[in-house]
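>>> Make a model of this:
(2 chains)
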Amino acid sequence: MFQNLSLLVQAPVLNVQLLLDGLFIGATFALAAYGLALVWGVMNVKNLAQGDFVMMGGYITVALAQAGIHPILALPVAIVVMFIFGWVVYKLVIRYVIDRDLFTSLLATFGLAIVIAQGLNLIFGPEVRTADSGLAIRSIFGGLVTIAEIKLASFGLAAALAVIVILFMKRSRMGQAIRATAQDARAARVMGIDTDRVYAFTFALNAAICGASGVLISMIWVIQPFFGITYSIRSFVIVTAAGFGNLPGVIAAGFGLGLAEQYGGFVLGAQFQQATVVGLLVLVLIWRQIQQARHRQAVR
Amino acid sequence: MKAKPATVGLYAAILVAGVAAPLVFPHYTLQLAVLWIMILFALTWDILGGQMGYNSLGNILFFGAGMYICALTQIGLYYDIAEYTASSGEIKVDFTMGQYMLGLGLGTVAAGIGSVLLALFFGRIVFGLRGPYFAIGTLGVALAAGELMGTWDYVGGGGGISLPVYPGDPNDRSLLYYFLCFVAAIATFAFLKWLYSTRFGLAVNAIRDDEEKAEAMGIHTERYKTVAWGISAFFLGIVGAVFGNMVGFIEPLEVAFPTVTFGIFMVLMVLLGGKGTLWGPVIGATLFHVIKEVTWTYLLGWQWITLGALIIINVIFFQQGIMGWMREKWPERFGIVVDRRATISASEEAQ
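Residues are numbered from 1 along each chain as shown, chains lettered A, B, ... in the order given. Alright, predicted model coming up:
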């Protein structure tokens, strides 16, 4: 099992490959996790359908690619479509769970996740898909390390989207309204902010971010209707580790998770890649609990 | 406490129906056995989810654990497990009736005990988590268990294990497993009915209502929580052992740790029936099982979408469940207890 570990020590250049892949993948994780942090922080909704929004974005890309549209051009389409979808989902479902207890949003969005995953399965079939970008794959270090140009492009796009979202949250009226609502919804209402509209916008924005993340993932990795739950768990791992309202933390945890998965998959074997994600979730929660236990010591 | 004749009649009717059902409808024995398993799922989930207010999404862990423990005991009694799983079905198991029953009996007991031990161990990890973190943490534990079992070649890995074949007549076999499921569900119900009437039930309810206050009142919450989880683990482990043998083949993701099917069904059934009540899970499980069988038969392909929509509608618009709804509709039928409690607290305030 551990012969791959010694391989990493003997051929350090392999680390470069894992590091790069981890960062490229981690950037897309961080994007989806930021969306979760947004809805969790602003409206206290724990969205278990997060990963299925990501898959929807991916399938929009695949569908457009079949129609002959380049995957990168699918990015704006996916963002708009997912924004509208998010708004509709808010009006139909999420609106009713905001003021309810913590478990309601988890279960309701879990039901949503089942509907989306099965819907995708009925439309596109259960096969693993990817959107071919047609860009070249470059190799460095004499062919030992390969970098697909599309991965670089997707990294750049993820960074650009993150910057746009941050600027939007800081500068625009709506961004300010969202942050005000997150701080104190009641006070925001008193100040004349239509919080219902803010919630709807936040959830739609989250869906759009997830959709964008899905577009990138469909270009650099694979998508499948039932991979959604893994992406949801990834988002939860990242947000739980970083805490919401902590954007640098979310980005760092996203990269960390990407790296951990690449190394876990390489050292332990590819069948452990899923197990690494859920294992990390359990570890993060244990770590959180130890911290809280220390916090509670004073009370005892 | 003296039971009313109507209640006794109801219990007798259920017992008679349970015994007679497989004899009257021999083609549906498997579905009926699964119905009892569903009722047991709902009852055990409600110990934590309804009575204690801890919404676990990972109780299915014990179901799968019991299944594996029982299978390994049954095979390990007479064979070398590593050789057996490595041959992936090449070694044909040929048990006599005595060997088979001994293996099944020991395996079921081991499954119950093993699941309790697992619950004690994982309880230490997850019970520090509150609210959504508890739900996500237990979900993570159950998902991780399935993934890890799939990579462990000693127990058959992703390919699974086939269990010993029943040495007798297939009809006897399905009847045997039907009655095992039936007895397990009835025993769970009877045990929980007794349990909720004891101090334990009150303590667990106190934890649901306000954990900090319960702790301040001197209830050792950590111990109660772990024991409550251990109880649900015990019954889940036993029924897991029975279900594994009933299916005859264990595979980590679909059969042993079906987190997104059975693991979620148990939550849904309790919510449908009304959580925090004794009868709610039973009613919810029965209704759910019927709905599920009907949609699986007539809406093939769309059954999961129907189910997802059902979850959403149930959670958003009907979270009190059938029992909760009846309690609102006819409070006097449940009201005797409520009134007395109100008068007691009023007189206490007056003193």
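
>>> and the stretch 101-250 of chain A, which of its residues are near chain B?
A:102-104, A:106-108, A:110-115, A:117-119, A:122, A:229, A:233, A:236, A:240 (C-beta under 8 Å from any C-beta of the partner chain). Any C-beta I mention is one placed from the backbone N, CA and C, and that applies to glycine too.

>>> burial count for residue B:331?
Using other C-beta atoms under 10 Å in any protein chain shown, residue B:331 has 12 neighbouring residues.

>>> what's the distance between it and residue B:218?
Residue B:331 sits 33 Å away from residue B:218, taking C-beta to C-beta, to the nearest Å as the criterion.

>>> burial of residue B:19, as a residue count?
Residues within reach of residue B:19, counting by other C-beta under 10 Å, total 12.

>>> Can you name the residues that contact it?
residue B:182 (C-beta atoms under 8 Å, 6 or more residues apart in numbering or on different chains).

>>> can I assume it sits in a helix?
Yes. Judged by DSSP: H, G, I helix; E, B strand; the rest coil, residue B:19 forms part of a helix.

>>> tell me the domain boundaries of chain B?
Chain B breaks down into these domains under automatic domain parsing: B:5-319, B:326-351.

>>> Least confident of the ones you listed, on average?
Among the domains of chain B, domain B:326-351 carries the lowest mean pLDDT, at a mean of 60.

>>> what about the nearest residue to residue B:226 once chain neighbours are set aside, which helix or strand?
Of all residues not flanking residue B:226 in the chain, residue B:123 sits nearest, at 3.9 Å (C-beta to C-beta, 6 or more residues apart in numbering or on different chains). Following DSSP states H and E, one finds residue B:123 within helix B:97-126.

>>> how about the residues of the stretch 101-250 of chain B that lie near chain A?
With C-beta under 8 Å from any C-beta as the criterion, the stretch 101-250 of chain B comes near chain A at residues B:125-126, B:128-129, B:131-133, B:135-137, B:140-141, B:143-144, B:147-148, B:150-151, B:158.

>>> Which of those fall in helices?
Among these, the members found in helices (DSSP state H) are B:125-126, B:131-133, B:135-137, B:140-141, B:143-144, B:147-148, B:150-151.

>>> Mind picking the two most distant members of these?
Spatial extent of those (C-beta to C-beta) is set by the pair B:131 and B:151 at 31.3 Å.

>>> okay, now residue A:70: neighbour count?
Using other C-beta under 10 Å, the number of residues around residue A:70 comes to 16.

>>> so what pLDDT did it get?
85.

>>> got it, and residue B:325?
Confidence score, pLDDT, at residue B:325: 81.

>>> elements contacting the strand or helix carrying it?
Residue B:325 belongs to helix B:321-329 when assigned by DSSP H and E. When contacts are defined as 3 or more C-beta pairs under 8 Å, 6 or more residues apart in numbering or on different chains; DSSP states H and E, helix B:321-329 packs onto helix B:262-273, helix B:279-298, helix B:331-350.

>>> got the angle for it vs helix B:262-273?
20 degrees (axes from the mean of the first three to the mean of the last three C-alpha atoms, to 10 degrees).

>>> Other residues contacting helix B:321-329?
B:270-275, B:277, B:279-280, B:283-284, B:287, B:318, B:320, B:333-334.

>>> Give me the buried entries from those.
The neighbour-count test (16 or more other C-beta atoms under 10 Å in any protein chain shown) marks B:270-275, B:277, B:279-280, B:283-284, B:320 as buried among these.

>>> ok, which of the residues you listed also contact chain A?
The subset of the buried ones among the contacts of helix B:321-329 within reach of chain A, by C-beta under 8 Å from any C-beta, is residue B:271.

>>> just the buried ones among the contacts of helix B:321-329 now: which is nearest residue A:189?
Using C-beta to C-beta, the buried ones among the contacts of helix B:321-329 come closest to residue A:189 at residue B:320, 28.2 Å.

>>> how far away is the residue nearest to that closest one when sequence neighbours are not counted from residue A:148?
Spatial nearest neighbour of residue B:320, excluding adjacent residues (C-beta to C-beta, 6+ apart): residue B:274 at 6.3 Å. To residue A:148, residue B:274 is 54 Å away according to C-beta to C-beta.

>>> now swap in residue B:260 and tell me
32 Å.

>>> okay, these two: which has more neighbours?
residue B:260 (21 against 17).

>>> Now do the contacts for the more buried one.
Residue B:260 neighbours (C-beta under 8 Å, 6+ apart): A:114, A:229.

>>> contacting residues for residue B:229?
Residue B:229 makes contact with B:47-48, B:56, B:119, B:122-123, B:127 under the criterion C-beta under 8 Å, 6+ apart.

>>> ok, of the buried ones among the contacts of helix B:321-329, which one's closest to residue A:191?
residue B:320 (35.2 Å).

>>> shouldn't the closest one be in contact with residue B:273?
No. Counting by C-beta atoms under 8 Å, residue B:320 stays clear of residue B:273, with 10.3 Å between them.

>>> re the thing from before, so how do I select the buried members of the residues of the stretch 101-250 of chain A next to chain B in PyMOL?
Buried members of those, defined by 16+ other C-beta under 10 Å, are picked up in PyMOL with:
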select buried, chain A and resi 102+103+104+106+107+108+110+111+112+113+114+115+117+118+119+229+233+236+240
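
>>> Residue A:62 should be in a helix, yeah?
Yes. Residue A:62: assigned to a helix according to three-state DSSP.

>>> Neighbours of it, how many?
Counted with other C-beta under 10 Å, the neighbours of residue A:62 add up to 21.

>>> hmm, back to that, just the buried residues of the helix holding residue B:123, please?
Judged by neighbour count using 16+ other C-beta under 10 Å, the buried positions of helix B:97-126 are B:99-100, B:103-104, B:107-116, B:118-119, B:122-123, B:126.

>>> go on, stretch A:176-183?
Across stretch A:176-183, burial judged by 16+ other C-beta under 10 Å covers A:177-182.

>>> Could you do stretch A:278-296 as well?
Applying a neighbour-count criterion of 16+ other C-beta under 10 Å, the buried positions in stretch A:278-296 are A:278-282, A:284-286, A:288-289.

>>> Looking at those, which are in helices?
A:278-282, A:284-286, A:288-289.

>>> Run through the residues that contact the residue nearest to the spatial centre of chain B.
With distances taken as C-alpha atoms, centre = their mean, residue B:41 lies nearest the centre of chain B, 2.3 Å away. Contacts for residue B:41 (C-beta under 8 Å, 6+ apart) come out as B:59, B:63, B:236, B:239, B:262, B:265-266, B:269, B:285.

>>> buried subset of those?
B:59, B:63, B:236, B:239, B:262, B:265-266, B:269, B:285.

>>> could you list every residue that touches residue B:71?
Contacts of residue B:71 (C-beta under 8 Å, 6+ apart): B:107, B:161, B:163, B:244, B:250.

>>> from memory the last one sits against residue B:241, does it?
What it means is residue B:250. No. Taking contacts as C-beta under 8 Å, residue B:250 lies outside contact range of residue B:241: 10.5 Å.

>>> more neighbours, these two?
residue B:241 (32 against 25).

>>> Chain B versus the most centrally placed residue in chain A, what's the distance?
Closest residue to the average C-alpha location of chain A: residue A:32 at 2.0 Å, with C-alpha atoms, centre = their mean. To chain B, residue A:32 is 16 Å away according to C-beta to the nearest C-beta, to the nearest Å.

>>> could you point out where chain A is predicted with low confidence?
Within chain A, the stretches with pLDDT under 70 are A:1-4, A:136, A:140-144, A:244-245, A:293-300.

>>> That one: helices as residue ranges?
All helices of chain A, identified by DSSP H, fall at A:3-10, A:13-43, A:50-66, A:71-92, A:102-124, A:149-171, A:173-183, A:185-190, A:195-220, A:228-242, A:247-268, A:273-297.

>>> Include distance to residue B:326 when you put the ones you listed into a markdown table, please.
Shown next, in a markdown table, are the helices of chain A (distance: least, C-beta to C-beta, whole Å):
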| stretch | distance to residue B:326 |
| --- | --- |
| helix A:3-10 | 60 |
| helix A:13-43 | 33 |
| helix A:50-66 | 35 |
| helix A:71-92 | 28 |
| helix A:102-124 | 21 |
| helix A:149-171 | 47 |
| helix A:173-183 | 38 |
| helix A:185-190 | 35 |
| helix A:195-220 | 33 |
| helix A:228-242 | 35 |
| helix A:247-268 | 46 |
| helix A:273-297 | 37 |
